[in-house]
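Peer 1: sequence and predicted model, in that order:
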Amino acid sequence: MSAPLDLMVDITDAPTLDAKYKLFAGFMEAEYGYAGVNYGLFLDTRSLHAIHNNHVSMRSGLPDEWREIYRRNNYALDDYGMRMGALTSKPILQSSFYQALDANELPENFARVIGGVRNFVSSGVVLPLQANGMRGIVGLFDPSGDILKHDARFERDRTIIQTLANHLHMCSDWSDDIIVQMGLSDMNLQVLRLKAQGLRVKEILYEIKRDNPKTVDNHMQRVRKALGTRNDMETIQRAAKLGLLQEDSLHAHQIGPQLYDALRLR
């Protein structure tokens, strides 16, 4: 049991999201054979459009051929695993997707994606995540393992795997990736932070050296679109959870007592 605990400590201490992700992905491959590891954050889950257009993600391990097929065919719009990960709370085995495919229980748009990935992934699991008010997802994929053995092993080690994925999500600061992937500018962020401080429009215009009152709303509208929010208050609340209101990244969270309990280390 020391190895999972050591990993949690290492993830907590790792200075960047990329470093935390690589530690987690390396452990999942070494211990469980998951060569493919996807980790993503959903900024908005209120609609199917929002799920697929307001998320950021990190991926590794699956063949470049599959990535090209996925991109070329625009499979993200019909990625059933992503959709289920955003809307459910329990782990979903890859085998359940294949069973539904074989039984012709899936609409054609979903079936084409699951049928495509089947050539590259034999088994795996999708883990929905929830921390700090934000939904995330971890996909763990084995390109060549036995599907029955995988499912049995996952049920045996489910608590540890889920706990480690939850800890990664709880410790992760996606702020830099959100800024880059969602195309937020320095001025967008400056207006957002001034708005969060409670400054009025005239005061914000003075700080950013602009005259047109519409400028403030234009920048806030850009942030609302990126974060999938409806108004300024909701935008500020979500931005705070994501660490966008701070000049520096959020400090990593410490390991909570409940995680020790989950690993039965007490």
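Peer 2: Perfect, I can see it now.
Peer 1: CA atoms for contacts and neighbours, from now on please.
Peer 2: Fine.
Peer 1: taking the mean pLDDT, what do you get for the helix or strand harbouring Arg222?
Peer 2: Using DSSP states H and E, Arg222 falls within helix 214-227. Averaged across helix 214-227, the pLDDT comes to 93.
Peer 1: residue ranges in the stretch 101-250 of the chain under the pLDDT threshold?
Peer 2: Within the stretch 101-250 of the chain, the segments meeting pLDDT under 70 span 247-250.
Peer 1: try it again with 80
Peer 2: 132, 246-250 (pLDDT under 80).
Peer 1: next, the buried residues of the helix holding Arg222.
Peer 2: Thr215, Val216, His219, Met220, Gln221, Arg222, Val223, Arg224, Ala226, Leu227 (16 or more other C-alpha atoms under 10 Å).
Peer 1: count the residues that sit near Glu68.
Peer 2: 11 (other C-alpha atoms under 10 Å).
Peer 1: could you say which helix or strand holds it?
Peer 2: With elements taken from DSSP H and E, the one containing Glu68 is helix 64-72.
Peer 1: show me what that helix is in contact with.
Peer 2: Helix 64-72 is contacted from outside by Ala76, Val113, Val117, Phe120, using C-alpha atoms under 8 Å, 6 or more residues apart in numbering.
Peer 1: distance of the closest residue in space to the third one that isn't next to it in sequence relative to Pro107?
Peer 2: Spatial nearest neighbour of Val117, excluding adjacent residues (C-alpha to C-alpha, 6 or more residues apart in numbering): Trp66 at 7.2 Å. Shown here: Trp66 relative to Pro107, a distance of 21 Å by C-alpha to C-alpha, to the nearest Å.
Peer 1: next one: Pro143
Peer 2: 25 Å.
Peer 1: so if I had to pick from the two, which one is more boxed in?
Peer 2: Applying other C-alpha under 10 Å to Pro143 and Pro107 shows that Pro143 carries more neighbours, namely 20 against 10.
Peer 1: unless I'm mixing things up, the more buried one is touching Phe120, no?
Peer 2: Yes - using C-alpha atoms under 8 Å, Pro143 makes contact with Phe120 at a distance of 5.7 Å.
Peer 1: quick check: neighbours shared by these two?
Peer 2: Common neighbours of Pro143 and Phe120 (C-alpha under 8 Å, 6+ apart) are Leu62.
Peer 1: which other helices and strands does the longest helix anywhere in the chain contact?
Peer 2: In terms of residue count, the longest helix belonging to the chain (DSSP state H) is helix 147-171. On a contact count with 3 or more C-alpha pairs under 8 Å, 6 or more residues apart in numbering; DSSP states H and E, helix 147-171 meets helix 2-13, helix 17-32, strand 123-131, helix 257-262.
Peer 1: residues in contact with the second one?
Peer 2: Just to be clear, that refers to helix 17-32. 7, 10-12, 14, 34-37, 39, 140, 164-165, 168, 172-174.
Peer 1: how deep is Leu41 tucked in, by neighbour count?
Peer 2: Look at Leu41: counted by other C-alpha under 10 Å, it has 23 neighbours.
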